[in-house]
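Asks: Dropping a prediction and its sequence here:
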Amino acid sequence: MPAWPSVLWLLPAYLLGAVPTSYLVARAAAGVDLREVGSRNLGATNLYRLLGWKAAIPTGAFDVAKGAAPVLAWGVWGGGPGWWALALGAAAVLGHVFSPFVGFRGGKGVATAAGVFLAYVPGAIGAVAAVWVALVALTGFVSLGSLAAACAFPLFVRLLYPARDAALWAGVAVALFVVFNHRANIRRLLAGTESRFGSRAARPPRPPRPARPPRTP
């Protein structure tokens, strides 16, 4: 069990996860609040719809790194038990989803959670990545791929890492959390209104410029 000073690492793990990457990129590159366009989600997929691959890929990679870094630096490399490494990763995921920097309204947490398990059970992440890619390619729905990958993840953990019970139960918790966090997407999928991958979000219209006063002779 980690000593009390080690527990304090949960806070920097949370704050690292809370860095609102997509929000910052959209603001810097387009002057747009990503919470007002597309799906209104602060994630790399919504950023892609606004700004394309050049912005979305490095942003998504950073979101993955936000989950992997605490697990490796303060958990696995620090010699802590498996559940402690995953607790640090969970803090990063919660920071991403409930970021204090954007009013506790962040992303869905899928990429950051993937980073957590990529650092701890990489084989299972490789398997669910294949599931995600296949479903997104076949259907065009990122949300459907994310839901299926999250639900399949505990099964792959049990098959590939049968001795890592902490990862199994963490995978079950993450699957339930991802499903809960995608409830709006599930409603749109059932209603046939979910956006497909590749569709671009319209930028919010800029306010009209005030009319110039007439010149006085």
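Replies: Yep, it's here. All figures in this text were calculated on a predicted structure; none of them were measured in a lab. Residues are numbered from 1 along each chain as shown.
Asks: How is Pro162 assigned, secondary-structure-wise?
Replies: Using DSSP: H, G, I helix; E, B strand; the rest coil, the structure places Pro162 in coil.
Asks: same question but for Gly107, I mixed them up
Replies: Gly107 ends up coil, using three-state DSSP.
Asks: Can you give me the neighbour number for it?
Replies: For Gly107, the neighbour count with other C-beta atoms under 10 Å is 27. All C-beta spots, glycine's among them, are computed from the backbone N, C-alpha and C.
Asks: what's the closest non-adjacent residue to it?
Replies: Excluding its sequence neighbours, the residue lying closest to Gly107 (C-beta to C-beta, 6 or more residues apart in numbering) is Gly43, at 3.8 Å.
Asks: so the one you found sits right up against Ser22, yeah?
Replies: Yes: counting by C-beta atoms under 8 Å, Gly43 touches Ser22, with 5.8 Å between them.
Asks: circling back to that earlier point, quick one, what contacts the residue nearest to Gly107?
Replies: Neighbouring residues of Gly43 by C-beta atoms under 8 Å, 6 or more residues apart in numbering: 22, 63, 107-108, 110-111.
Asks: neighbour-wise, which of these leads?
Replies: For the contacts of Gly43, neighbours tallied by other C-beta under 10 Å; top is Val110, 31 neighbours.
Asks: quick one, phi psi at it?
Replies: Main-chain torsions, Val110, degrees, to the nearest 10: phi -70, psi -50.
Asks: Distance-wise, check it relative to Val97.
Replies: 10 Å (C-beta to C-beta, to the nearest Å).
Asks: repeat for Gly60
Replies: The gap separating Gly60 from Val97 is 15 Å, by C-beta to C-beta.
Asks: what's the average pLDDT for whichever helix or strand Pro58 is part of?
Replies: Under the criterion of DSSP states H and E, Pro58 resides in helix 53-70. For helix 53-70, mean pLDDT rounds to 94.
Asks: For Ala26, see how far away the residue nearest to the spatial centre of the chain is.
Replies: Closest residue to the average C-alpha location of the chain: Gly109 at 3.2 Å, with C-alpha atoms, centre = their mean. Going from Gly109 to Ala26 by C-beta to C-beta gives 18 Å.
Asks: between the contacts of Gly43, which is closest to Leu34?
Replies: Nearest to Leu34 among the contacts of Gly43 is Ser22, at 5.5 Å by C-beta to C-beta.
Asks: what about the strand or helix carrying that closest one, distance to the chain center?
Replies: Per DSSP H and E: Ser22 is located in helix 21-30. Here helix 21-30 is found 15 Å from its chain centre; the criterion is C-alpha atoms, centre = their mean, to the nearest Å.
Asks: Could you list the buried residues of that helix?
Replies: Under the neighbour-count criterion of 16 or more other C-beta atoms under 10 Å, helix 21-30 has 21-23, 25-26 buried.
Asks: which other residues reach that helix?
Replies: Outside of helix 21-30, the residues within contact range by C-beta under 8 Å, 6+ apart are 32-35, 42-44, 46-47, 50-51, 55, 59, 62-63, 66, 101-102, 107, 203.
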